[in-house]
Every structure is written in C-alpha cells, then in structure tokens.
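Q: After the sequence you'll find the predicted model.
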Amino acid sequence: MRVIHLIGGGDTGGAKTHVLHLLRELNRSIDAQLFCFMRGEFSDDARKMGIPIHVIESGNPFIGLRELKKLLSGRQVDIIHCHGARGNLMGNLLKHFIKAPVVTTVHSDYRLDYLGRPVARLSYGTTNLVVLRRLNYYIGVSDPMRELLIKRGFPTDRIYTIYNGIDFTTPLKLRPKEEFLKELGVPYEPGDVLGGIVARLDPVKDHPTLLRAMKIACGQCPNLKLICAGDGNTMEKLREMARSLGLENRVFFVGWVTDIPSFYNAIDINLLTSLSETFPYAITDGTRSHLPTISSRVGGVPVLIDHGENGFLFTPGDEKELARYLTAFAQDPELRKTMGDRLYEKASKKLSLESMVVCQLEIYESILAREARKGRIQSRETRRERRDGVVVCGAYGHGNAGDDAILKSILHSVRELDEYVPITVLAKNTLSIKERYRVNAVYTFNIPKILWHMRKARLYINGGGTLIQNATSHRSLWYYLFTLWAAKRCGCRVAMYGCGIGPVRGGRNIKLASWVLNSSVDSITLREPDSMQELRRYGVDRPRISLGSDPALVLEPAPLSQADKILLDRGLDPEGRYICFLLRTWWGFYEKAPVLAAAAEYAREKLGLTPVFLSINSLQDGAAAKAVMDKMEGPGVLLDGIGSPELLISLLGRMSVVVSMRLHGLIFSSLSGAPLVGVSYDPKIGSFLRYLDYGQWTDLSAVTESWLVAALEEAYRQLPRRQELMEKTKRLIEVEKVNLQAVKELLL
C-alpha cells in the first residue's frame, strides 16, 4: 500500500507530533511518503526521524501541483492523505490527476484555526471551508471532533475517528529539574509548586483565563508559579496582562521549548485552558511524567480525564473553577501524586502509539475496501444494477427504545450482508440518528430529499414496528403508504421488515393499504401470526409474505455489570426481588392509575417484590410512572432516561415479574424468561404474548385490581420456570432469521 501525506510544513504542536510519529511508524508496514510545501523545522525533524519527505517550496498552489505531478509521475498511489488547509487544497487539486481517494485528518476545529488573524482567516480559512466539502473521507482526532463534523453536515458514513498516541515504551532522557529551570530563566526555590502549559500563544488557547485563575489561586498559595511554554502573536499582550495582575514574579513566558519531556519533568501540574481542541498532545505528553492535570472540558479530553478520579475538568473560560482546582493541587502533594498515577495508568493502556498506528492502518483498509466495492458496482452492466444504498423508514428519533432496538437490528442485518453499503435513515431527530448509528439521516417530512435518496438506492426498507395502522393517526398510515408507493416508483426494491399490521379502520383506508402493498412491496416479513391474518383480511397476496418475529429479539444485552451499577446507584441490590412496571400514557390510563398502584402495593406486601418503574420512551413514559407512584402508599423507584435497548434488556433481566403496556418491554423481558403480565392499549400486546406462548394480558379499559392481582400471583408462581420460558423466546429468535433472508434476496 502506498499513501502520500500532504501538509503545509509550518505545522507545530499536536498536528506536527501526530503526523511525524504516525509516519515514522507507518513506514514499518506500508510505503508512506510525506510532501510538504515549505522548508523549516517540520521538514528538518521529519528527515531526522528517517521519514521519506519531499519539500516543494512554492507559495503558488498551481506550481506546487505541477511539481507534485512530476514527483508522482508513473507511480501508483492508493490513498492521498491530507493535513491542514494547505494539504487539503493540494489534495483536492491532485485528485483530478491521480485516481485515488482523498482523506483528511481534522486536527482542530477548522473554523477556529485562524482566530485572531483576520487576513489568514479570510484567505486560508475560507478556502479550507470550501475544499473540505470536496474531499472523500474524514478522520476526526477524537470522537467529539467526529461529532462536530457530523453536526456540520459532513457525510456521516465517511467519517472515522483516531486518537493521538504516545510512545510509552522508549525511556525518557531527562535533564535535572533545577538545571533545566535555570536555563529557562525560571527562579525556583524548594517548596515551589510549578504549574505549566505547553501551547502556542493564540486566542483559541485562552491564556487570559489561566492568568486570571492564577491571580485568584496565588492569594491562597504563595508558593504557586506558572510557566508558559510556547510562542505566538499574543505574547506581549499576555506579558502585559500578567504585569497588570501583579503576577510578573509568578508567571514566566519561556517561548518555544524543544525538550518537552524535561519540561514536563520540571513542573508539578499540567494545564490546558483551550476553548477548542480535538485530542491534545499537551495532555497525553504530560501523562508520561505522571503529572496531575487540569484541563478545560473540550474535544476528546474527557475521554482520558475522568473528572475527580484522575484529574480535573473545568468549563472553558471559567477562571474561578480553574482557580479552585489549581489551589487543591497546589496545597495537596498526595492528591497530585494519586491523580497523576491514575492518569498515567489509563493513558498507557488506552492511548499508546501502537494503538494509533493500528487504527490508522484499519482506516486505510476500510477506505480501500469501500473504493473497491464502489468500483465493482460502477462496473455493472445496467444503470439499474449500478444503483446503490439502502433507505430505512420507521418511527425513529422519537426517544423510544423499542424503535431504537428495531433500527439497530435492521442496520446490523444490512451491514452483515454488505459492510459498506450506504444507509440513509428517515427520522424525526436526524442528528441523534447520525451520531448514534453512524448513518446518513433525512428528516421524516423532507419529501424532496427523501425522493432524491430513493432514486439512487437499491433497496427501501419499511422497518419494523406497527406502521401500517391508523389506531393512532390516519396521517401516519397515509405517510407510510406514500413512502412505500414512492420508493417503488423511484425504482427501489421494497421490503417490509419484521412488521406488525393493523388495525386499519375504514373501508377506504383498507382498500388504499391493500392497493399500495400489492402494487409496491416485494417482500413482507411479519412479527406474529395475527398480522398475517390482517393482511389476508385486506386482500394482500402479491408480495412474498413470511412469518418471522420482532427484530429486537436478536439484540445482545449489555454486560450485567452495567445494569448492576445503575441499581446500586439507586440503592437497589442487584440480587434483590423486584416487580417492574413499564407504562405509557393512553386514553383512560389515568383512571386506571389507582388500580396499577394497588397492584404494586400488593406485590410489595404479599409477594415481597419492590416496585420499580422503567421507561421505554424516555420522553413520555416517566409521566405515566409518576402518576402511579403518586397513588402508592409506599415508595417506588423510577429508573428513567435509560435510552440504550441493550441496557434495558440487562436491567429487565434482574426483575422477578414484569408488568408492561409497552410491547418492547415484554420483548426485552422475555429474553431473560421473566414472567410477564401485559396491559394492552393495542392488539399487538396480545398478539405477541400469544405468539410467545406465555404470559397473561387484558385490555387497559378492562383491567381491574382483582384481575391484576390474580395475574401477578400466577406470574410469581412461574418464577422457577424462567429457564423453560426462555426456551420459548429462543424459538422466536430462531424464526427472526426470516427477516435477514428476505433482505438478502432483495439487496444482493
């Protein structure tokens, strides 16, 4: 594999360290060559490290492009890898002559790169804003940087993440502390506590906040001093600010420091006050010296620093909070040692240079696999065969863990068939879908954009849940029927995946549903037999119809330790005995709240079960739970805001009996064989329990205290049969494979 790296060549700080260390290590495995566009410290250091480098000294990008083309003439290039604004520009120009994908590593927030330099921001910054959108792939240095790119509309499925790695294996060559400080011109007395910051003197690094915090902290810590290593165009302003604060004998600006390990060895507290970062080396470099660290809560820093456990994080710009943590470290040597050792332990395990290189190689392999797949598709004979991608539609982005579980299962199935297929999800909250599932998303009612994606896609999936019904709304039914009809007219193959059907009320609506499903759908897989009967009643017989089960049944639960931690945090014994209620608001619910409360008290008093309330829909179900808890004589425990379906499955595995109005509350609970009681606001509750072949249920309108108490007693008697009940669920899990097979036949 041959990869060329393009970079301006004037880079300093984290970007320089990242590129040079990465290239040095990559060349042990692949051919990685560096091209930069000015001679200086960066290029000199690259040569000293043995990195293959070519310097093109031209401020004119077109002359630089001509030289690049000469140097690369006749040579195969697999990937063009860019860094920074100049690298991005040259990569974008070069890709028209070298047929290779272009990837850029985003080392910082590109909108802040030229903060305080209006001319550079207008020229280089504006050019970079345009060029970035024209590249093929993106690498964010930290997950927060990846999320920032997603928020700004970059293609979600073409963004990767890497973290800066540190060489923890090579021994450090350190100069004696006193000798090093004397050379820097920093007066040092035994007992002094030295804070230090390594950062260019640039507005984005926010040194003024640090100086104001020092003014506060020095009032309580007369032995506290600060060393600022770095240079920049704000040097004189910062010196003047230090003098005006009376810190001229406490704060020392020492300029660029070349011996960074000795600098970190000489200080006692590592500091970072940036307004924006990706994942700064200024933090990770300090971990090698076991330094306690205080940083602004920016970028990927919280991935390494667990606030209060192995360091302190403060709100950017808050000098009072920063001063508080400075004072704590300055006054407590033992706290400094403990925090520094903990931070080193975590960093050495998670952020090694070796792991960074492995991650980068995996990204390259992924890019090449995507490009090879793209080539295969483009070589197909007909235009229809060259269509690519999957559009998934469902009730997504509404805060419902059941719908999230369905979507996760569908995405897993599609990627199992084709790992790199482009996926677009139609959803209410598109940003949430993009960030959590790493797919592209379009707003549910952005019809022009939806049709645009349908015209390019190979497969349209109407994804799980009971979408073909009008019990909740006629408009909902009409919307989903329209998308099925439109997808077929746009040339997609159309699948309905693990669906429930009905009820559809009204003769015209039934005729409309029958016509759309017969004329527009290729394959329907159903989650229970009652839906099969509904389709027959509507006269739907043209699509290929199969009986499967709910897609959520194949989700793997989160580790029990995560569920147990939540229980322990709420004062609950993970090995305790609980009755769990999963409720939702519905017509007539509040009239039945006293009945549910009485049943909860009965379970507590007679069966020895502590009432616990869980939410499937984090935005709605808490209100229903609180309405019942308000009617109870004793306390109940509300576990709200748990959006992860996998975690809900694990929590429900700790429950003795489950009472649920939510279908996916029953589905999640069945995975651990929990005895079930259903309170039905919709026919799908009874349909699932009949298909599962265990559990009792009744309609919400018909539920009474006597019926519910009897159902609880019967469920309680089933506790010794949990393993047997789980076998019934395993039968449905096996049947769920029908869903995957149906998609396979249409996608491949």
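A: That came through fine. Residues are numbered from 1 along each chain as shown.
Q: Do a quick rundown of the strands in the stretch 451-600 of the chain.
A: 459-468, 493-501, 523-526, 544-547, 578-582 (DSSP state E, counting those that start in this stretch).
Q: want to try CSV for the ones you listed, with mean neighbour count, distance to Ser123 and mean pLDDT as columns?
A: (Glycine included, C-beta is placed from N, CA and C.) Below are the strands of the stretch 451-600 of the chain laid out as CSV (neighbours: other C-beta atoms under 10 Å; distance: least, C-beta to C-beta, whole Å; pLDDT from 0 to 100):
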stretch, mean neighbour count, distance to Ser123, mean pLDDT
strand 459-468, 26, 45, 92
strand 493-501, 26, 49, 97
strand 523-526, 26, 55, 97
strand 544-547, 16, 59, 97
strand 578-582, 26, 58, 98
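Q: In contact with Thr287, which residues?
A: Residues counted as contacts of Thr287 (C-beta atoms under 8 Å, 6 or more residues apart in numbering) are 166, 293, 304, 343-344, 347-348, 351.
Q: what does His21 give?
A: So His21 contacts 165, 167, 353, 356 (C-beta under 8 Å, 6+ apart).
Q: go on, Pro557?
A: Taking C-beta under 8 Å, 6+ apart as the test, what Pro557 contacts is 646-647, 649-650, 653, 671-672.
Q: Need the buried ones from those selected in ChimeraX.
A: Selection of buried members from the contacts of Pro557 for ChimeraX, criterion 16 or more other C-beta atoms under 10 Å:
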select :646,647,649,650,653,671,672
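Q: Out of the contacts of Pro557, which is nearest to Arg544?
A: Leu671 (28.6 Å; C-beta to C-beta).
Q: chain center to stretch 451-460, what's the gap?
A: 26 Å (C-alpha atoms, centre = their mean, to the nearest Å).
Q: And the contacts of it?
A: Under the contact criterion C-beta under 8 Å, 6+ apart, stretch 451-460 has outside partners 387-391, 393, 424, 442, 483-484, 486-488, 490-495, 743, 746-747.
Q: Does anything pack onto the helix or strand hosting Val131? Which helices or strands?
A: Here Val131 sits within helix 126-132, counting by DSSP states H and E. Here helix 126-132 touches helix 84-94, going by 3 or more C-beta pairs under 8 Å, 6 or more residues apart in numbering; DSSP states H and E.
Q: Can you give me the distance of Thr293 to Ala213?
A: Separation of Thr293 from Ala213 (C-beta to C-beta, to the nearest Å) stands at 15 Å.
Q: ok, back up a step: next, format the contacts of Pro557 as TSV and append distance to Pro448, secondary structure and pLDDT.
A: Formatted as TSV, the contacts of Pro557 follow (distance: C-beta to C-beta, whole Å; DSSP: H, G, I helix; E, B strand; the rest coil; pLDDT from 0 to 100):
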residue	distance to Pro448	secondary structure	pLDDT
Glu646	36	helix	95
Leu647	37	helix	96
Ile649	38	helix	96
Ser650	42	helix	97
Gly653	45	coil	96
Leu671	41	coil	96
Ser672	45	coil	95
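Q: remind me, longest helix of this protein?
A: helix 353-378 (DSSP state H).
Q: nearest spatial neighbour of Arg722, skipping sequence neighbours?
A: Take Arg722 and drop its neighbours on the chain: the residue closest to it by C-beta to C-beta, 6 or more residues apart in numbering is Gly673, 3.8 Å away.
Q: count of neighbours near the nearest residue to Asp45 once chain neighbours are set aside?
A: Using C-beta to C-beta, 6+ apart and skipping the chain neighbours, the partner closest in space to Asp45 is Leu20 (6.1 Å). Neighbour count for Leu20, taken as other C-beta atoms under 10 Å: 20.
Q: In three-state terms, label Leu20 for me.
A: What DSSP: H, G, I helix; E, B strand; the rest coil gives for Leu20 is helix.
Q: quick one: it and Lys350, what's the gap?
A: 21 Å.
Q: repeat for Tyr480
A: 44 Å.
Q: more crowded one of the two?
A: It is Tyr480, of Tyr480 and Lys350, that has more neighbours when counted by other C-beta under 10 Å, with 21 against 13.
Q: Find the nearest non-adjacent residue to that one, please.
A: Leu467 is the one closest to Tyr480 (C-beta to C-beta, 6+ apart), at 4.5 Å.
Q: That neighbour and Gly191: what is the separation?
A: 71 Å.
Q: and Gly116, what pLDDT?
A: Note on Gly116: pLDDT of 69.
Q: what do you get for Ser413?
A: Looking at Ser413, its pLDDT stands at 94.
Q: how many other residues sit next to the residue nearest to Arg722?
A: Residues near Gly673, counting by other C-beta under 10 Å: 21.
Q: Spit out the contact partners of it.
A: Gly673 touches 721-726, 729, counting by C-beta under 8 Å, 6+ apart.
Q: isn't there a strand covering it?
A: No: in this structure, Gly673 is coil, not part of a strand, as judged by three-state DSSP.
Q: mind listing what's buried in the lowest-mean-pLDDT helix or strand in the chain?
A: Sorting the helices and strands of the chain by mean pLDDT, DSSP states H and E puts helix 118-120 at the bottom, at a mean of 74. Residues of helix 118-120 include none that count as buried (16+ other C-beta under 10 Å).
Q: what's the answer for stretch 720-735, then?
A: 725, 729, 732, 735.
Q: what does stretch 588-596 give?
A: Going by 16+ other C-beta under 10 Å, stretch 588-596 has these buried residues: 589, 592-593, 595-596.
Q: before we move on, what about stretch 690-710?
A: 691-692, 694-698, 700, 703, 707-709.
Q: again, but for stretch 247-263
A: Neighbour-count burial for stretch 247-263, counted by 16+ other C-beta under 10 Å, picks out 247, 250-254, 257, 260, 262-263.
Q: and what of stretch 132-151?
A: 132, 135-150.
Q: list the contacts for Tyr681?
A: Applying C-beta under 8 Å, 6+ apart to Tyr681 gives the contacts 584, 586-587, 589, 661, 699-700.
Q: Not counting sequence-adjacent ones, nearest residue to it?
A: Trp586 (4.3 Å).
Q: Could you pull up phi and psi at the one you found?
A: Trp586 adopts backbone torsions of phi -160, psi 170, taken as degrees, to the nearest 10.
Q: neighbours of it, just the number please.
A: Trp586 is flanked by 16 other residues according to other C-beta under 10 Å.
Q: Use 424 as the first number from now on
A: Got it, first residue is 424 now, which makes that one Trp1009.
Q: For it, give me its contacts.
A: 1084, 1104, 1123.
Q: Considering the residues you listed, which is situated nearest to Ser899?
A: Of those, the one sitting nearest to Ser899 (C-beta to C-beta) turns out to be Tyr1104, at 15.6 Å.
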